[in-house]
Structures are given as structure tokens and as C-alpha cells.
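Visitor: pasting a predicted model and its sequence here:
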Amino acid sequence: MICSIRKWELSDAKDLAFALSNKKIQDNLRDGLPYPYTEQDGAAFISSMLSSDENETFAFAITVDGKAVGSIGVFRQANIHRQTAELGYCLAEGYWGKGIMTEAVKQTCEYVFRESDIIRIYAEPFAYNTASCKVLEKAGFQYEGTLRKNAVKNGKIIDMKMYSLIRD
């Protein structure tokens with residue numbers, strides 16, 4: 001196994017801050033993260049994940065050799081979408097292109113399907129983020145379509161792609 005997922009620990013805050021204080025990573029995430037991302041920001045995020053409802057938020061550190069190198073989470077939606085959840089993730093740049101994220105996505109989705117009543121996990125990467133799209137495809141997600149002009153990132157109107165994985 002090239003990586004593993006585990007519950008966050010407050011001691012991961014420094015590693016998380018290192019990973020997220022990278023413009024290349026933040027350019028592929030939703031807005032709202034501080035830049036630079038500090039160890040205090042990481043500790044606050046980890047605390048919020050640890051205190052969240054474990055049936056609503058499935059949040060993990062992605063680890064390689066025991067070190068947190070990324071973040072992955074599945075977040076239950078509400079109302080008629082209560083058995084649907086959104087997947088989000090990021091990985092420190094030094095670990096890109098090694099199959100780590102694909103493995104982490106597989107492990108996380110297997111966990112969520114096994115431990116909850118979620119029947120559909122979806123992800124909406126920016127259309128220009130071809131690496132993220134490949135991760136999802138390699139992890140078994142199906143491309144469902146392009147959400148045209150679906151977001152504004154860094155002052156540009158951009159498309160997003162919709163991928164989903166359905167419980168067997």
C-alpha cells in the first residue's frame with residue numbers, strides 16, 4: 001500500500017500548513033482558505049473535523065510513512081440528497097504523480113460505503129484540472145458531464161466537471 005488514510009491528529013497541523021501554503025494547490029481548491037496557510041489554520045481545521053458529526057463528515061489525513069501529506073473528506077449533503085456526499089481532497093505537491101491520491105480516494109470511498117448509508121459520492125473538479133479528473137477516473141468514478149460556467153476562481157469564470165461513484 002502506497003498510502004493510508006487515518007483520522008486527523010492535532011500534531012498534523014504543521015504538515016497540513018506546509019501542503020496548503022502552495023498557490024498551485026490553492027488554485028485547484030474552492031475559495032476561503034487563507035494564504036499563506038499557517039499551522040494555526042491547520043489546527044483549527046483539524047479541530048473542526050475532529051468535532052464534526054462522524055455520520056455527516058468523513059475527514060482523513062492522507063499519510064505516507066506515517067506523515068500527513070494531504071487531506072481527503074466526504075461530506076454528506078442535506079434534504080433529498082441526504083444519502084449523497086461530496087468528495088474533496090488535496091495533496092502536497094511533492095507527492096503528485098505517484099498514484100497516492102487515487103489510492104486515497106479508493107480507500108476513502110470504500111470506508112464511506114462500508115460505514116454509512118451513503119449511496120452516491122460525487123466530485124466537481126475544475127475542468128482545467130486534468131490531473132484531478134484522471135484521479136477520479138482511475139478510482140472508478142464515472143464522468144457525468146460538464147457544468148458550464150459553474151464557478152468563478154481567481155477572477156475567471158470556469159467550467160467544472162461532474163464525476164460520481166455509486167455504491168454497488
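Guide: Thanks, I have the structure now. Numbering: from 1, shown residues only.
Visitor: grab the most central residue of this structure for me.
Guide: Nearest to the geometric centre of the chain sits residue 89, at 1.7 Å (CA atoms, centre = their mean).
Visitor: which strands and helices sit next to the strand or helix carrying that residue?
Guide: For residue 89, the host element (DSSP states H and E) is strand 84-91. The helices and strands touching strand 84-91, judged by 3 or more CB pairs under 8 Å, 6 or more residues apart in numbering; DSSP states H and E, are helix 13-20, strand 57-64, strand 67-76, helix 100-115, strand 120-123. (Glycine included, C-beta is placed from N, CA and C.)
Visitor: which element is encountered next along the chain beyond the shortest one?
Guide: Proceeding N to C from strand 120-123, the next assigned helix or strand is helix 130-138, under DSSP H and E.
Visitor: gap between whatever helix or strand comes next after that following helix and the chain center?
Guide: Sequence order places strand 142-153 as the next helix or strand after helix 130-138, per DSSP H and E. Here strand 142-153 shows a centroid-to-chain-centroid distance of 17 Å under the convention CA atoms, centre = their mean, to the nearest Å.
Visitor: what about strand 142-153, average pLDDT?
Guide: In this model, strand 142-153 has a mean pLDDT of 98.
Visitor: parallel or antiparallel, list what pairs with it.
Guide: With DSSP bridges as the test, strand 142-153 is paired with strand 156-166 (antiparallel).
Visitor: returning to that earlier point: buried residues of the strand holding residue 89, list them for me.
Guide: 84-85, 87, 89-91 (16 or more other CB atoms under 10 Å).
Visitor: residue 137: what's it in contact with?
Guide: Each residue near residue 137 by CB atoms under 8 Å, 6 or more residues apart in numbering is listed here: 143, 163.
Visitor: how far is the least confident helix or strand in the chain by mean pLDDT from where the chain is centred?
Guide: One helix or strand of the chain scores below all others by mean pLDDT, DSSP states H and E: helix 23-26, with a mean of 93. When distances are taken as CA atoms, centre = their mean, helix 23-26 is centred 14 Å away from the chain's centroid.
Visitor: run through the bridge partners of the residue nearest to the centre of the chain.
Guide: Under the criterion used (DSSP bridges), residue 89 bridges to residue 72.
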